[in-house]
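1. Just a sequence and a predicted model for now, questions to come.
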Protein chains: 2
Amino acid sequence: MTLEVLASPKPGNVDRCHDYAETRLEHFIVSALAVRPALEASEARSAGLGPLIEAAVGATACHAGGNTHFGAFLLLIPLVYGGTLEGAIEAIRASTVEDAVAFYRAFGLTRVRVAAKDELDVNDPSAADALRTRGMTLLDVMAHSAPRDMVAREWTNGFALCRRAADALLADSEPRTAVARAFLALLANEPDTFIAKKHGPDLAEETRRRAADVVRGEVTLESLDTWCIGRGVNPGSLADITIGAIFLALGRGWAWDC
Amino acid sequence: MTLEVLASPKPGNVDRCHDYAETRLEHFIVSALAVRPALEASEARSAGLGPLIEAAVGATACHAGGNTHFGAFLLLIPLVYGGTLEGAIEAIRASTVEDAVAFYRAFGLTRVRVAAKDELDVNDPSAADALRTRGMTLLDVMAHSAPRDMVAREWTNGFALCRRAADALLADSEPRTAVARAFLALLANEPDTFIAKKHGPDLAEETRRRAADVVRGEVTLESLDTWCIGRGVNPGSLADITIGAIFLALGRGWAWDC
């Protein structure tokens, strides 16, 4: 989490050179510090995935910067719990209805952007009943959200984007600046679903296209950053994916500090 | 530790806008993450001050950025151990010869700048014997170093500079930028002993004078920063003092995030 947020420049997102008024670099770092007990509990498998995600979100609600790492926890908690990619996929498959109920409780602990008119509205107190009636596990919930949420989608596709970005980190010959490059490559290839929820799919696709222009060298990274900030475009879901990628890369021996 | 290193601009030191080639912002953040078990052990008083400092230094030697927080641990460990300022002072008074021996072992775990020709040279394997022969406690060692080391001096004067800077933080009407101001105020009033050990007392005094010029509005902060970086002047001891000050201020309810 810290290597992700410290990487610069990342168009539109909080980094060393940019804060948002309400959510600043300090909040992301404090969040990374505060979540440690929940990550240790995940490593020890002292609870199920849902309660662990709830614990992580609860622990990081200690700061006033709003939602910093909710999406990241959806990826990191299974990865830490599973120990390996295979272990994470296995843990996800074994998730339960009570994991789903705990996950919905976690929403109440922070402010998370959700698509309008979702039939499993996280702000609806009857959602827990609906989950139990339908017998939806946490994996079912993620599958339900996957078409509109690329973080949820990672649960259904074996962490495909995290793996691809981890490969990019490991292949990069300049580790100290690799995170920003891996992030830009994701941005140029995948419409960010956080942007889509906030501004609609057209702006998410336009952001992707502009990032591809940067990768091709037709536009500067700085001008993309300025455009993103001016529009309030922050690719938050791809930041979460990047965090998952860094975790996978570190697990494969990535030397971030060379 | 994280609030200190993220504060900008801090003339000559690592901050959001400046890295050194071998020691970067990432190293300071990783160090703050890695030391947590040693701080938890300090809070639980599960060992003496010397072994706790040794544990902290050992835990943070996990990164390749060299010495990041050695001086900070000399202040933080007693403060966390003691729980209060009074508790810290009491713990310091109760420090033992074996604490001193452990402290010297900690030097071997990192690279710390020491004054030349110190009779208790930390690189001398016979130093432990000398400590035992003379019956020097860790407080005695700090008192020995106090004339040339402002962090050691805090052990002998009841954390005087930490307290003064904590008062400044608590009195500041803009907490989000208060750390950088408190640091500059220290820099304008106290010759940094890390600079003195590295470059001699004259350059430490010149740095102080130039910082005072900035406080009086006669020189810009940016020009001081440029001068420091050009000369390799980094006020590392005052960064440590600032960390102690932030800890004291937080303990007195300082709302850093308003």
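-> The structure has been received and is ready for your questions.
2. The least confident helix or strand in chain A by mean pLDDT packs against which elements?
-> One helix or strand of chain A scores below all others by mean pLDDT, DSSP states H and E: helix A:127-134, with a mean of 91. When contacts are defined as 3 or more CB pairs under 8 Å, 6 or more residues apart in numbering or on different chains; DSSP states H and E, helix A:127-134 sits against helix A:97-107. In short, each C-beta sits where N, CA and C put it, glycine included.
3. How far away from the center of its chain is the helix it packs on?
-> Relative to its chain's centre, helix A:97-107 lies at 17 Å (CA atoms, centre = their mean, to the nearest Å).
4. From the contact counts, what lies against that helix?
-> Here helix A:97-107 touches helix A:49-59, helix A:127-134, helix A:138-145, going by 3+ CB pairs under 8 Å, 6+ apart.
5. for the last one, which positions count as buried?
-> Right, helix A:138-145. A:138-142, A:144-145 (16 or more other CB atoms under 10 Å in any protein chain shown).
6. quick one: contacts of that helix?
-> Contacts to helix A:138-145, defined as CB atoms under 8 Å, 6 or more residues apart in numbering or on different chains, come from residues A:49-50, A:74, A:92-93, A:95-96, A:99-100, A:103, A:118, A:120, A:131, A:134, A:136, A:152-153, A:155-156.
7. Go again with 10 Å.
-> For helix A:138-145, contacts defined as CB atoms under 10 Å, 6 or more residues apart in numbering or on different chains pick out A:48-50, A:53, A:74, A:78, A:91-104, A:114-115, A:118-120, A:122, A:127, A:131, A:134, A:136-137, A:149, A:151-156, A:193.
8. Run the angle between it and helix A:97-107 for me.
-> On the basis of axes from the mean of the first three to the mean of the last three CA atoms, to 10 degrees, helix A:138-145 is oriented at 60 degrees to helix A:97-107.
9. now the first one
-> For the pair helix A:49-59 and helix A:97-107, the angle between their directions (the same axes, to 10 degrees) equals 10 degrees.
10. the inter-axis angle of the helix or strand following helix A:49-59 versus helix A:97-107?
-> Following helix A:49-59 in sequence order, the next helix or strand is helix A:70-82 (DSSP states H and E). Comparing the axes of helix A:70-82 and helix A:97-107 via the same axes, to 10 degrees yields an angle of 140 degrees.
11. Find me the pLDDT at A:Ser95, would you?
-> You'll see A:Ser95 listed with a pLDDT of 98.
12. returning to what we had before: tabulate the buried residues of helix A:138-145 in CSV, adding columns for pLDDT and distance to A:Ala21.
-> Listed next are the buried residues of helix A:138-145 as CSV, based on pLDDT from 0 to 100; distance: CB to CB, whole Å:
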residue, pLDDT, distance to A:Ala21
A:Leu138, 97, 33
A:Leu139, 98, 36
A:Asp140, 97, 37
A:Val141, 95, 32
A:Met142, 96, 31
A:His144, 94, 33
A:Ser145, 94, 28
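13. out of those, who's nearest A:Cys17?
-> Using CB to CB, the shortest approach to A:Cys17 within the buried residues of helix A:138-145 belongs to A:Ser145, at 32.1 Å.
14. so what's the residue of the stretch 51-200 of chain A found nearest chain B up against?
-> As assessed by CB to the nearest CB, chain B sits closest to A:Ala64 within the stretch 51-200 of chain A, at 5.1 Å. Neighbouring residues of A:Ala64 by CB under 10 Å, 6+ apart: A:22-24, A:27, A:30, B:255-258.
15. Apply 8 Å and report the result again.
-> Per CB under 8 Å, 6+ apart, neighbours of A:Ala64: A:22, A:27, B:257.
16. The nearest residue to the first one once chain neighbours are set aside - how many residues pack around it?
-> Take A:Glu22 and drop its neighbours on the chain: the residue closest to it by CB to CB, 6 or more residues apart in numbering or on different chains is A:Gly66, 5.9 Å away. Other residues within reach of A:Gly66, judged by other CB atoms under 10 Å in any protein chain shown, total 14.
17. And for A:Ser42?
-> 26.
18. Secondary structure class of it, three-state.
-> helix (DSSP: H, G, I helix; E, B strand; the rest coil).
19. close enough to count as contact, A:Glu154 and A:Ala160?
-> Yes - contact criterion CB atoms under 8 Å: A:Glu154 and A:Ala160 qualify, at 6.8 Å.
20. Neighbour count for the two, which is higher?
-> Between A:Glu154 and A:Ala160, A:Glu154 has the larger neighbour count (other CB under 10 Å), namely 27 against 13.
21. in what helix or strand does the more buried one lie?
-> Applying DSSP H and E, one finds A:Glu154 within helix A:150-156.
22. now the next helix or strand after that helix, how far from the centre of its chain.
-> Following helix A:150-156 in sequence order, the next helix or strand is helix A:160-171 (DSSP H and E). Chain-centre distance of helix A:160-171: 15 Å, with CA atoms, centre = their mean.
23. tell me which residues of whichever helix or strand comes after helix A:160-171 are tucked away?
-> Per DSSP H and E, the first helix or strand lying C-terminal to helix A:160-171 is helix A:178-189. Going by neighbour count (16+ other CB under 10 Å), the buried part of helix A:178-189 is A:178-188.
24. End to end on stretch A:247-255, go ahead and measure it.
-> One end of stretch A:247-255 sits 12 Å from the other (CA to CA, to the nearest Å).
25. scratch that, stretch A:130-140 is what I was asking about
-> End residues of stretch A:130-140 are separated by 13 Å (CA to CA).
26. quick check, distance from it to the centre of its chain.
-> Worked out by CA atoms, centre = their mean, stretch A:130-140 lies 22 Å from the chain centre.
27. list the buried ones in it?
-> For stretch A:130-140, the neighbour count (16+ other CB under 10 Å) marks A:131, A:136-140 as buried.
28. I'd like to know which residues of the stretch 1-150 of chain A are adjacent to chain B.
-> A:2-3, A:6, A:16-17, A:24-27, A:29-30, A:32-33, A:36, A:63-65 (CB under 8 Å from any CB of the partner chain).
29. Can you select the buried ones from these in PyMOL?
-> Entered in PyMOL, the line below selects the buried ones among the residues of the stretch 1-150 of chain A next to chain B, by 16+ other CB under 10 Å:
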select buried, chain A and resi 2+3+6+16+24+25+26+27+29+30+32+33+63+65
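30. Sort out which of the residues of the stretch 1-150 of chain A next to chain B are in helices and list them.
-> Filtering these for membership in helices, criterion DSSP state H, returns A:2-3, A:6, A:25-27, A:29-30, A:32-33, A:36.
31. I'd like the residues you listed written out as JSON lines, with pLDDT added.
-> Below are these laid out as JSON lines (pLDDT from 0 to 100):
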{"residue": "A:Thr2", "pLDDT": "97"}
{"residue": "A:Leu3", "pLDDT": "97"}
{"residue": "A:Leu6", "pLDDT": "97"}
{"residue": "A:Leu25", "pLDDT": "96"}
{"residue": "A:Glu26", "pLDDT": "96"}
{"residue": "A:His27", "pLDDT": "96"}
{"residue": "A:Ile29", "pLDDT": "97"}
{"residue": "A:Val30", "pLDDT": "96"}
{"residue": "A:Ala32", "pLDDT": "97"}
{"residue": "A:Leu33", "pLDDT": "96"}
{"residue": "A:Arg36", "pLDDT": "96"}
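32. can you tell me which two in those residues are farthest apart?
-> A:Leu25 and A:Arg36 (18.4 Å).
33. Find the closest residue to chain B in the stretch 151-258 of chain A.
-> A:Asp257 (5.1 Å).
34. which intervals of the stretch 51-200 of chain A have sub-threshold pLDDT?
-> Applying pLDDT under 70 to the stretch 51-200 of chain A flags the ranges A:111-125.
35. Let me have the contacts of A:Ala64 in TSV, extended by distance to A:Ala41.
-> Below are the contacts of A:Ala64 laid out as TSV (distance: CB to CB, whole Å):
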residue	distance to A:Ala41
A:Glu22	29
A:His27	22
B:Asp257	26
